[in-house]
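Enquirer: no sequence on this one, just coordinates:
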């Protein structure tokens, strides 16, 4: 222990000393389970966020932000077994802190702290979990969560329906392909377990076995219920009949008439609410259920280029006019770049237009505007009117 | 302590500020990256000098030793070296973490935003440097924070000046940090520190005093190149020539009105190698906020009260990370975004205008009972047309409550459904502020019209 300490001190001193050899022993990597986002990934991310946030805003949501760490005690006791996956900060003499594990507990803390009873909010931020890489390969330890919540006392099922409407809108707009939104109700599940003869104290554990149906076939799930969780085979079979059911409002109606299910008050309450939900979903038109564009990392619209030497001053003047008009423009940081290099840069960055200055054009008071993809060219009279035209007209 | 939530009002202000700033970065062709909130402890070790004790470490839980990032510059250098990138123009807006002692720096947050823009790569002199200043000028103008000045100097001029004034080489850095205090202390006190505490001769201090009182533009650079003493330093001459070149580009960029070549600008950070600059608001105006503005620079730098941005050229930093010591020259700027937030928040408070926290354009309301179904149908049409709309989560809300909600949230329009209107196939659209009403025939054409009207309203909000 002491040796480790001393070695650490020496290493730190070594790092601080640096040295004139110019070489330094730094391990160039990010922490395990984390990654940088490069410009391409950021461009995609921005598009996705814009779609999602646009939807949240369309539904009148506000947003909040909370610190990346919370008091350790705030997070303690909220995550059950997963608590061991929480990142703690070192005790450096102040409060004990931990990195947030999700956005829901911070949300609850925010509501309580500010005595808020009603809010419709979204929160997009990173959360932190010390997943064991051996068990969950490929899982990140730092990753985004995107939460939308409606808090408050309201008439039944309207906010619930709006949440589903939002999910439907987002998944449709993101163009990820076909999707389904599965809906159920805790009261229906519990009611179902009750009428099937599951003892009260086994509800939660049977529930987590049923949850495995999305990954395992019924045979195996039944086996777990009977062999591991001690359920009678009869009860398991009855559950098996119910959990194979899917449908819409009609299924809810049928189950309300079901001799067994209707014995549970809890299940009936859940089923009535499912019916109400589906009536709203019908009004929301959601009861039913991308091109390989080159991903650009910048949004530059016009490259300001030169065909001959000694035109930097003219290029800088022109680009200033473009920037002042709000046009996204770039120029090479070179006094005398070759035209070919400038055109190549346009191709690589996906810049659609290039304004080429040349000696003759300057004498004539015109600017050549070329569409990079097609090479069509127009000559524009270089004046402020033209710049405005560029800003409003062709910039799509 | 040291951290805070952002409530919806603050988020709305924050979003506006980010949009302006990011819009400017994009207009200049910058890409963006993101890095993890924590780095390997060894990545951050040895980079921040005395401030290293302010770094948040993560507990040793059996894995790698980690620390929360202290700024965005070191992660940037790590990213460049790791990906062997030699050229990039990037912005990065993210939170950083510093365990400031609250007793010493009241009002300072321990978690705060930094907003960095950097151009890395070997280029012809001063063009990227000039573009950084153009960007600062654009951002500060668009944010409408009042009048500002951008002070410019150069490390080589400072060092050259010290040399010709007789400052011993080994005292350069420490004299530099004393000069840096000129933005807070009068010359008398600064001189006293130089002579009494740092052991400088009074003669040398006086000579420095003459120079650091100088401000100007290209003309000052020209004069100093002719200055008998200053011209003896090759280093200073190189810096002065570059200042002249810079100003010539700034003229073309039309920003010389706010830029001043100021010999008293020192900026404490060791890693600057060339041009340095700092933007200050000239109006004492707003009430005292965090006086030590969290400009996103390690606290070695002293930052004056009105400072909102700072940066410079740092050619040696990336080389520190590269295993072969390959140099990647960089120039960049950090916008003091927390300072900007404070100012905007105070402005919002002072002005009569309410800050909206949602962007809802139309409230869908009902004048009688049992109209929920019709409202939900109508709102779905509005959402499908991309209009931002809300409805109360109540089967039979009172019209007054619905109208009150519009007033509180700042929703400009309310579509009121009523039994008679439904029979007639129309919808009443009311402007909340003025109470004027129009009757619209309820069909898809009307929804498009509504969208157009909303578009017009949105534009006039300055969007």
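Expert: Thanks, I have it. Note that this is a predicted model, so its numbers are computed, not measured.
Enquirer: what about the stretch 101-250 of chain A, any weak spots by pLDDT?
Expert: Judged by pLDDT under 70, the stretch 101-250 of chain A has its weakly predicted residues at A:133-138.
Enquirer: If we use 90, what do you get?
Expert: A:131-140, A:154-156, A:158, A:202, A:204-205, A:207-208, A:211, A:214-215, A:244-248 (pLDDT under 90).
Enquirer: Nearest to chain B: which residue in it?
Expert: Ranking the residues of the stretch 101-250 of chain A by distance to chain B (C-beta to the nearest C-beta) places residue A:154 first, at 3.4 Å. C-beta coordinates here come from the backbone N, C-alpha and C atoms, glycine included.
Enquirer: Could you count how many residues lie near that residue?
Expert: Number of residues near residue A:154 (other C-beta atoms under 10 Å in any protein chain shown) recorded here: 15.
Enquirer: On the three-state scheme, it is what?
Expert: coil (DSSP: H, G, I helix; E, B strand; the rest coil).
Enquirer: That one against residue B:393, yeah?
Expert: Yes. The criterion here is C-beta atoms under 8 Å, and residue A:154 meets it with residue B:393 at 3.4 Å.
Enquirer: mind listing the helices for the stretch 51-200 of chain A?
Expert: Residue ranges of the helices in the stretch 51-200 of chain A, as given by DSSP state H, counting those that start in this stretch, are A:72-75, A:104-113, A:158-173, A:186-195.
Enquirer: sorry, back to before: report the contact partners of the residue of the stretch 101-250 of chain A closest to chain B.
Expert: B:393, B:394 (C-beta atoms under 8 Å, 6 or more residues apart in numbering or on different chains).
Enquirer: And it, its phi and psi?
Expert: Note on residue A:154: its backbone torsions stand at phi -140, psi 170 [degrees, to the nearest 10].
Enquirer: go on, residue A:380?
Expert: According to degrees, to the nearest 10, residue A:380 has phi -110, psi 140.
Enquirer: Which helix or strand contains the nearest residue to residue A:197 once chain neighbours are set aside?
Expert: Of all residues beyond its chain neighbours, the one nearest residue A:197 is residue A:235 (4.3 Å), with distances taken as C-beta to C-beta, 6 or more residues apart in numbering or on different chains. Assigned by DSSP states H and E, residue A:235 falls within helix A:233-243.
Enquirer: May I see the buried residues of the helix or strand that that helix is followed by?
Expert: Going down the chain from helix A:233-243, the next helix or strand is helix A:249-257, by DSSP H and E. Within helix A:249-257, the residues that count as buried by 16 or more other C-beta atoms under 10 Å in any protein chain shown are A:249, A:252, A:255.
Enquirer: go on, stretch A:74-81?
Expert: A:74, A:75.
Enquirer: ends of that stretch, how far apart?
Expert: 16 Å (C-alpha to C-alpha, to the nearest Å).
Enquirer: Would you mind listing what in the stretch 101-250 of chain A touches chain B?
Expert: A:110, A:113-114, A:121, A:126, A:128, A:130, A:142, A:150, A:152, A:154-155, A:158-159, A:162, A:165, A:169 (C-beta under 8 Å from any C-beta of the partner chain).
Enquirer: Mind giving me the PyMOL command for buried ones among those residues?
Expert: A single PyMOL command selects the buried members of those (16+ other C-beta under 10 Å):
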select buried, chain A and resi 110+121+126+128+130+142+150+158+159+162+165+169
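Enquirer: Not counting its neighbours along the chain, what's nearest residue A:373?
Expert: Nearest to residue A:373 is residue A:352, by C-beta to C-beta, 6+ apart, at 7.0 Å.
Enquirer: In contact with the one you found, which residues?
Expert: Contacts of residue A:352 by C-beta under 8 Å, 6+ apart are A:301, A:371, A:372, A:373.
Enquirer: ok, the nearest residue to the first one once chain neighbours are set aside - how many residues close by?
Expert: What that stands for is residue A:301. Spatial nearest neighbour of residue A:301, chain neighbours left out: residue A:328 (4.7 Å); criterion: C-beta to C-beta, 6+ apart. Neighbours of residue A:328 under the rule other C-beta under 10 Å: 21.
Enquirer: again, but for the one 3 residues further on
Expert: Each residue near residue A:331 was counted by other C-beta under 10 Å, and the total is 24.
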